[in-house]
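Participant: one predicted model, sequence on top.
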Amino acid sequence: MTSHAQFGASGARWFLYLTLAILVGTTARAASLWEQPAGQLTERIAALLGPGPAQLVVNSRSTLAPAEVAAIRRLLEQDLRAYGIDSLTAESGNQIRVTLSENVRERLWVAEVVEGNRTQVVMVRLDRDAPVVASGETGLILKKTRIWNSLEAMHAPFQLSNGPVLAALETQTGLVVLEQDDIVIFALTAAEWREAKRVPLERKHTPSRDAHGLLIRTMDGSGFMAYTAGTECTGRYFLSSNNSAPYGNWIVDCRESDDPWPVTEGVVESGSTSFKAFYNAARNYFTGVVTPSLGADLMPFYTLAVLPRSTPNAVSAPQPAILVNSIEGKTLLVERGTLKAVSGTRDWGSDFAAVHTGCGPGTQIVASGSGEAVNDSLRAYDLPAQEAVAASTPLEMGGSVTALWTASDGASIWAVVRKSNNEYEVDRVTALCP
């Protein structure tokens, strides 16, 4: 009797868990289906209504299930919040009335934006039968290769400091690791990376808690340029003629600098424009000032990536599209001087990088996951129009991704991963076509 009762209780719990899983899965699918039109509608609403409180009312005159209507409302609330519009405020003189309707051919979402005695209307039309979101047909496979590990490097004559790793770079003669307080240069022996030189970074300004850094090659491939908050360094390598420096000699010169960083080195194709951005040395982001000008005013941002554009039979070279993620959590696309919101990026973290694979549209964005994940992941996305569509399954990174950038060849990316024991790892991530 007792065993039957226990079995019955276990069966009831199993049925409850299964039901909840189905409900969660249904809600997630509904959210993904309506993410693009919700993003388009909120973009048009935000163009009429500035930041501030506004009451959101959603009515459905369609065949959508209540769970789908609820998912659409949540998407609208989240997207409006990204534009600085607080739609959860019940008491407000402004109102956004959204009506979800349909006929035999199409769906029509209408938003009435009411400000005092003034009412403006915007709408989005959807083909009723066509799929709302593409299904990510590129089918890329992400593969990681470990390049360097801080614990293994501790077997060298010197030990690394406990400061975070900001960036890394392979040169023709070794590996350069940029830490928060030092530049460390390694030479590869038959068994391991051996520390060849360490250069302390002397600053007048204390770096931010979440500091950023950048390393790029010099034109001949043997040296490097390093950029971090308020400091710019140049590293040059030359062969040693004696046994005192068995791995060669490095000269590293550093100076205070507030010059812009070359944020698209190794990203754009030959002949394309290289962009530089000014970094806020007192914080952990770029100011929004980019040179040459993009033709649109950017808000402060964390990351910038370039998406090449092709124009058949064009007389002049097409201008690339620029993807940035603002410090307010919005992912934006700058194209031909116009700033557009990108949907499908809600699960992205603050780091992403472009990778030129030749698969599908040719260039994908690899983004880290959102939040402080103990075991973060990377995922590739296609970017048709203003929507990010998953192009690969997630790649587990075994820790928290703290930095991500495009390699010099443009065909792979580099990632810095922080492990749970404060160990750091540098990985190269490549994308394989199906």
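Facilitator: Okay, I see it.
Participant: how is this protein carved up into domains?
Facilitator: Annotated domains of the chain cover 31-127, 153-256, 269-432 [automatic domain parsing].
Participant: as a markdown table, these with distance to Gly139 and mean pLDDT would be great.
Facilitator: All C-beta atoms are positioned from the backbone trio N, CA, C, and that covers glycine. Output for the domains of the chain, formatted as a markdown table (distance: least, Cβ to Cβ, whole Å; pLDDT from 0 to 100):
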| stretch | distance to Gly139 | mean pLDDT |
| --- | --- | --- |
| domain 31-127 | 18 | 84 |
| domain 153-256 | 29 | 79 |
| domain 269-432 | 7 | 84 |
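Participant: I'd like the ones you listed as a markdown table, with distance to Arg146 and mean neighbour count appended.
Facilitator: Shown next, in a markdown table, are those (distance: least, Cβ to Cβ, whole Å; neighbours: other Cβ atoms under 10 Å):
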| stretch | distance to Arg146 | mean neighbour count |
| --- | --- | --- |
| domain 31-127 | 33 | 17 |
| domain 153-256 | 12 | 17 |
| domain 269-432 | 6 | 18 |
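Participant: out of the ones you listed, flag the one nearest Val263.
Facilitator: Closest to Val263 of the domains of the chain, according to Cβ to Cβ: domain 269-432, at 4.8 Å.
Participant: redo the domains of the chain as JSON lines? Include distance to Pro262.
Facilitator: Shown next, in JSON lines, are the domains of the chain (distance: least, Cβ to Cβ, whole Å):
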{"stretch": "domain 31-127", "distance to Pro262": "29"}
{"stretch": "domain 153-256", "distance to Pro262": "6"}
{"stretch": "domain 269-432", "distance to Pro262": "5"}
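Participant: how about those, which one is nearest Ile147?
Facilitator: Using Cβ to Cβ, the nearest of the domains of the chain to Ile147 is domain 269-432, at 4.7 Å.
Participant: the domains of the chain: which one's closest to Thr145?
Facilitator: Across those, closest to Thr145 is domain 269-432 (Cβ to Cβ), at 4.8 Å.
Participant: circling back: which one of the domains of the chain lies closest to Leu142?
Facilitator: Comparing the domains of the chain by Cβ to Cβ, domain 269-432 comes nearest, at 4.0 Å.
Participant: any idea which helix or strand carries Leu142?
Facilitator: Assessed by DSSP states H and E, Leu142 sits inside strand 141-149.
Participant: distance from that strand to the middle of the chain?
Facilitator: 18 Å (Cα atoms, centre = their mean, to the nearest Å).
Participant: mind giving me the packing neighbours of that strand?
Facilitator: strand 165-171, strand 174-179, strand 377-382, strand 395-396, strand 424-432 (3 or more Cβ pairs under 8 Å, 6 or more residues apart in numbering; DSSP states H and E).
Participant: what residues does the fourth one touch?
Facilitator: Judged by Cβ atoms under 8 Å, 6 or more residues apart in numbering, the contacts made with strand 395-396 from elsewhere in the structure are 142-144, 375, 377-379, 429.
Participant: off-centre distance for the helix or strand following that strand?
Facilitator: Proceeding N to C from strand 395-396, the next assigned helix or strand is strand 400-406, under DSSP H and E. Distance, stretch centre to chain centre, for strand 400-406: 9 Å (Cα atoms, centre = their mean).
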